[in-house]
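Chemist: This is the structure alone, sequence omitted:
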Ligand code: TNX
C-alpha cells in the first residue's frame, strides 16, 4: 500500500493534527515562507520509501542521512530507491529539479501532502537543509535513538526557504582544552540540525597544538601534551582529522582550520627552540593569559615552518579557506606584523587557499579574497569599515553578541565575561547586516558563533554554553530579517527543549525562554 493511504492512518485524530500543524510555527531557523494546508497530514509508515534523484551521489548521500535519522526512532525499513521521472511517488522524494527559483544554491522547497513529501532543491546542500526542516516537522520523539510508538505525522504545507547569508558558522577551540573526535562529531550533528554550514576549528594556541604535522612532529607530541589547567591535552592524527572533515562534509559543513599566528604560538615555540628569536624554548603554558607569544618575524626558519604547516594543512582541507588567526599579537610590533603577513599571505595562496583571519589582519592586505572575522565589542571599527569599502566580505562574530564562551549572567558556573554577560535575548538582539557602521549587509558574508574553551572541559560544559545561543546565531544567519521578533522567537526556541532532552543536551534553561 502507498504510504499515507493505508486505512489505519486515513483519518488522523483532530488533536494530533493540531499539534502536528503547530510544528510549522515552531521551525528554527524561521523559513522564508510557510503555507500550511489546513487539515492535511502526511503519515510515515512501515511502507514508506525514500525516492531520490538518480545519478547524484551527493543527493543519494542526503537520502542516506535522512534514512539514518528516521530508522532508529520509527523502526521502519525506509528503503531508498531511484525516483521515477514524474510524477512523484507516494512516500518521500528528494529531487534536484523543479524547485522555486528563489531557493538558490542552499535553499529548498518542501511540499507535504497526504500522499507525498516532495523536497526539491537546486543543489544537494539545499536538499540537506530541507531534510533538517523535515526532521523538525516530525514530533520530538524523532530524536530518540530507539524505536518509539507512532504516529509519525507531518503537517501538510508548502515551504520555500533559503538563507539570508551564505556563511553560517560555529568555531570550536580545541586548543585551550582538547576535545576528542567524538565530541566534535556530536557538535557537528547539532550544527547540521540548525543549518550551520561552516565549522571553524581553532587548532593551535599558547596552551596546545592539536594536529599532527608530519614535518614538525613535536608540535603535536610535545606541544599537544597539555592544556589549560594542566590536563593531558591531546591532538588529532591526520586520519582522525580527515575523519572529522569527512563527517562534516557528509552533513554539508565545510571545515575551516585555524593555525593562529604570529601570536598565540607558545605551544609551537615550546616545541622547537629554533623558532624563538632567542633560540631558547619557553616552557609549556597552562594558564589563560593572552598576548605574550610571537613567532620570530626576522628568522627565515619561521617561514619554512609556516610553509610546511600550511602545506600539510591545505592537503587536509577540501574547503577554500585557511584561517591564520592574527589576533592579539601584542608583542609583535606593527612593522613586524606587516612583514609577517606580507610573507604568510602569499604562502596561503601558493597552497591554493584563501586567507581568513581575526579582523585586525585585514589591515595588512588589499587582496579582497581575504576574509576578516570581526570580533570586536563596538559597533564602529574603522579597519573593518575600510575593508568593507575596499570590497572585503566580513564574517560577523561580535564578542559581546556571538561569543558562546561569555557567561549568561554573573552566576553562570563556567565561561568568561570580558566582553560582557550575554543572556539569550542579548545574543538575539542585533542585526548582522547593519551591526558595524560602514559594513552594509552586502559586505557581510555571514555570522559565526565562536566557542573558546578556557573554561570548557567536557561535552556538558560545551552544551551549557552553546545551547541555546548557538541556535540564536544560526537563526540570525539563516532567517530573513523580516521574521526577526523576540516574542515569537523565544516561543520557537522553547519548543526545541523536548528535542534537546531526547538528545541528552545539557542546555541552559534561560528564564527568558518559555521552555516546553
Ligand atoms: C579573545 S577573540 C581571544 C581568544 C580568547 C577569547 C576568550 C580572539 C580573537 N582572541 O584568544 O580565547 O578572547 O573569550
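Modeler: Yep, it's here. None of the values given here were measured: they were computed from a predicted structure. Numbers count the residues shown, from 1 in each chain.

Chemist: and whichever residue of the stretch 251-400 of the chain sits closest to the ligand, how many residues sit next to it?
Modeler: In the stretch 251-400 of the chain, the residue that lies nearest the ligand is residue 327 (3.5 Å; Cβ to the nearest ligand atom). Heads up, the C-betas are built off the backbone N, CA and C, glycines and all. Neighbour count of residue 327, defined by other Cβ atoms under 10 Å: 18.

Chemist: Pretty sure it sits in a strand.
Modeler: No - Residue 327 is assigned coil when assessed by DSSP: H, G, I helix; E, B strand; the rest coil, not a strand.

Chemist: Would you list the phi and psi of the nearest residue to it once chain neighbours are set aside?
Modeler: Nearest in space to residue 327, with sequence neighbours left out and distances taken as Cβ to Cβ, 6 or more residues apart in numbering, is residue 358 at 3.6 Å. Main-chain dihedrals, residue 358, degrees, to the nearest 10: phi -60, psi 150.

Chemist: what bits of the protein have low per-residue confidence?
Modeler: Within the chain, the ranges that satisfy pLDDT under 70 run 1-18.

Chemist: Around the ligand, pick out the residues from it.
Modeler: Contact residues, the chain versus the ligand (Cβ under 6 Å from any ligand atom): 290, 327-328, 358, 375, 399, 403, 405, 416, 452, 454.

Chemist: buried sites along stretch 321-334?
Modeler: Of all the residues in stretch 321-334, those buried under the rule 16 or more other Cβ atoms under 10 Å are 321-329, 332.

Chemist: That should have said stretch 29-47, apologies.
Modeler: By 16+ other Cβ under 10 Å, the buried positions in stretch 29-47 come out as 29-32, 34, 37, 40-45, 47.

Chemist: Surely residue 421 and residue 405 touch.
Modeler: No - assessed by Cβ atoms under 8 Å, residue 421 is found out of contact with residue 405, at 11.8 Å.

Chemist: Would you mind telling me which of those two has more residues around it?
Modeler: Here residue 421 and residue 405 are compared on neighbour count by other Cβ under 10 Å; more neighbours surround residue 405, at 25 against 15.

Chemist: Find the nearest non-adjacent residue to that one, please.
Modeler: residue 452 (4.3 Å).

Chemist: contact partners of stretch 374-392?
Modeler: For stretch 374-392, the surrounding residues in contact (Cβ atoms under 8 Å, 6 or more residues apart in numbering) are 327, 358-360, 362-363, 366, 368, 370-372, 394-400, 403, 419-420, 435-440, 443, 450.

Chemist: Now, of those residues, which are buried?
Modeler: Buried subset of the contacts of stretch 374-392 (neighbour count, 16+ other Cβ under 10 Å): 327, 358-360, 362-363, 370-372, 394-400, 403, 419, 435-436, 439, 443, 450.

Chemist: Looking at these, which are in strands?
Modeler: Cross-referencing the buried ones among the contacts of stretch 374-392 against strands under DSSP state E gives 358, 371-372, 394-396, 450.

Chemist: so residue 30 makes contact with residue 481?
Modeler: No - assessed by Cβ under 8 Å, residue 30 is found out of contact with residue 481, at 10.5 Å.

Chemist: What is the neighbour count of the nearest residue to residue 274 once chain neighbours are set aside?
Modeler: Nearest residue to residue 274, sequence neighbours excluded (Cβ to Cβ, 6+ apart): residue 301, at 5.6 Å. A total of 12 residues lie near residue 301 under the criterion other Cβ under 10 Å.

Chemist: following the strand ranked longest in the chain, which helix or strand comes up?
Modeler: For the chain, the strand with the greatest residue count under DSSP E is strand 33-44. Sequence-wise, the next helix or strand downstream of strand 33-44 (DSSP states H and E) is strand 50-52.

Chemist: and that following strand, what does it pack onto?
Modeler: Packing partners of strand 50-52 (3 or more Cβ pairs under 8 Å, 6 or more residues apart in numbering; DSSP states H and E): helix 57-74, strand 80-82, strand 91-95.

Chemist: Go through these and pick out the most buried.
Modeler: strand 91-95 (a mean of 25; mean count of other Cβ atoms under 10 Å).

Chemist: Could you chop this protein up by domain?
Modeler: Domain ranges of the chain: 7-161, 167-481, per automatic domain parsing.

Chemist: hang on, isn't residue 356 packed against residue 254?
Modeler: No - shown here, residue 356 and residue 254 do not form a contact pair, counting by Cβ under 8 Å, at 11.5 Å.

Chemist: Quick check: neighbours shared by those two?
Modeler: Going by Cβ under 8 Å, 6+ apart, residues that sit against residue 356 and also against residue 254 are residue 321.

Chemist: the more surrounded of the two?
Modeler: Shown here are residue 356 and residue 254; by other Cβ under 10 Å, residue 356 has more neighbours (28 against 19).

Chemist: for the more buried one, which residues make a bridge with it?
Modeler: residue 323, residue 371 (DSSP bridges).
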